[in-house]
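Student: Dropping the sequence and predicted coords here.
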Amino acid sequence: MIEIIFYGRGGQGAVMASQILATAAFLEGKYAQAFPRFGAERKGAPVVAYVRISPDPIEVRNPIEEPDMVIILDAALLKTIEPLNSLKSNGLAIVNTNSSPEEVKNLSKNKDIRVDTIDATALSERVYGQSSIPIVNVAMLGYFAARTRVIEVASLLTSIDKYFIGDNAAKAKESVKLASSFTTESKLMTP
């Protein structure tokens, strides 16, 4: 079983990303769970969403405490809630930032982790235009899928159609495809 935590801010789509990812896994015949944890429910407040993906039925229902991976939609959260410190040994963090993986890793007390960075904000602005809260969730999913191969990019694209329609679906798919082309090292990580 693969356990993933999304860290974002209200309005960035962390919860939606977790649902899209779980649906994509389900479409591939895997078992999946997606559920959020909210604090102060307002735009800009920290939001955490959990995903489990497994080839076997998932019987646990508790929040994830030590994930295999974290997907961080807002790099400012690295200093405020320190999501890197929760990763398992050799866990993977995918962070939306224009900083290098080494710079991000230096912010963690846990040095036995892997860090990938992608400037999903710049990709979002390219697809959606500038916004006070950029739409980075689907770009991060595209990168995640291509980088980890936990799910296929094609499954993400199909899953998007279950959540978006029209121009929103087209832009979400464009973001996924664009971000998935940015991976330099795709490794197979199976649930």
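Tutor: Nice, thanks for sending it over.
Student: what's stretch 167-174 in contact with?
Tutor: Contacts of stretch 167-174 from elsewhere in the structure, counted by Cβ atoms under 8 Å, 6 or more residues apart in numbering, are V127, Y128, I135, V138, L157, I160, D161, Y163, F164. No exception for glycine: its C-beta is placed from N, CA and C like everyone else's.
Student: ugh, wrong one, stretch 47-64
Tutor: Residues lying outside stretch 47-64 but in contact with it, judged by Cβ under 8 Å, 6+ apart, are 1-10, 12, 14-15, 17-18, 21-22, 25, 30-39, 150-151, 190-191.
Student: which of the residues you listed are buried?
Tutor: When the contacts of stretch 47-64 are checked for burial by 16 or more other Cβ atoms under 10 Å, the buried set is 2-10, 12, 14-15, 17-18, 21-22, 25, 30-35, 150-151, 191.
Student: Out of the contacts of stretch 167-174, flag the one nearest to V70.
Tutor: In terms of Cβ to Cβ, no member of the contacts of stretch 167-174 lies closer to V70 than V138, at 17.4 Å.
Student: Now do the closest one against Y163, distance only.
Tutor: Look at V138 and Y163: by Cβ to Cβ, to the nearest Å, they are 9 Å apart.
Student: Quick check: neighbours shared by these two?
Tutor: With the criterion set as Cβ under 8 Å, 6+ apart, the overlap between the contacts of V138 and Y163 is I20, A172.
Student: of the two, who's got more company?
Tutor: In terms of neighbours (other Cβ atoms under 10 Å), V138 is the more surrounded of V138 and Y163; the figures are 33 against 16.
Student: Ramachandran angles for the spatially most central residue of the chain?
Tutor: By Cα atoms, centre = their mean, the chain has its centre lying nearest to I71, at 3.9 Å. Recorded main-chain torsions at I71 are phi -120, psi 120, according to degrees, to the nearest 10.
Student: Would you mind pulling the contact partners of stretch 74-83?
Tutor: Residues contacting stretch 74-83 (Cβ under 8 Å, 6+ apart): 5, 7-9, 12, 46, 70, 72, 84, 93, 95-97, 99, 104, 107-109.
Student: Is it possible to mark the buried ones in those?
Tutor: If we count by 16+ other Cβ under 10 Å, the contacts of stretch 74-83 have these buried: 5, 7-9, 12, 46, 70, 72, 84, 93, 95-97, 99, 104, 108.
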